[in-house]
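[1] With the sequence up front, the predicted model follows.
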Amino acid sequence: MFIVFMVCSEVYMLLSCILYKWSHESNGRVMTKSEVRSYQYKKRLFVFNLAMFLTAVYMFFRHEWYCETGVYSIFALCEYLVVFSNIAFHYTAKYDFSDQQVLLAGEESGDHPKEM
C-alpha cells in the first residue's frame, strides 16, 4: 500500500505543478510575485521529494541485497526527508491563499461573523 501512496503522491505533486502554472498563466495573464514564489517552491519541493524517494528505494534494495553498514540509516533519513518535503509542498498553500480570509458565522456569534 505504501508504494501506491507514494506513486499517487508523486503524480499529485507533478499535476499540481503543471496545473498551477497552466491555470495562472492562461489567457496571457502574468503571475504575481506570490504566485511565482509558490510555483517555484512547488517545483523545487517536487523534485527534491522525487529524488529522496528514489534514493530511499535504491538504499532499501541495497540494504536488502548487500546488508552494508549504514545503508539502512541513509534509507531512513531519506524517508524522513520525503515526509518533510511532502508537508512543505502542502504548506505552499499559504502563498496560494495569502490574500483570502476565512469567516465563520453562526447563531451564537450574534449578527457579526468572527474573523480567523
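    Structure received.
[2] list the contacts for K42?
    Contacts for K42 were tallied using CB atoms under 8 Å, 6 or more residues apart in numbering; they are M13, S16, C17, Y20, F89, T92. (C-beta placed from N, C-alpha, C; glycine too.)
[3] Which two among those residues are spaced furthest apart?
    The most widely separated members of the contacts of K42 are Y20 and F89, with 11.3 Å between them, by CB to CB.
[4] So those two - more neighbours on which side?
    With other CB atoms under 10 Å as the criterion, Y20 and F89 differ in neighbour count, and F89 comes out ahead with 22 against 18.
[5] Is the more buried one in a helix, a strand, or coil?
    The three-state label given to F89 by DSSP: H, G, I helix; E, B strand; the rest coil is helix.
[6] So what's the residue count around the nearest residue to K21 once chain neighbours are set aside?
    Computed as CB to CB, 6 or more residues apart in numbering, the closest residue to K21 that is not its neighbour in sequence is Y39, at 5.9 Å. One way to gauge burial is a neighbour count; for Y39, by other CB under 10 Å, it gives 20.
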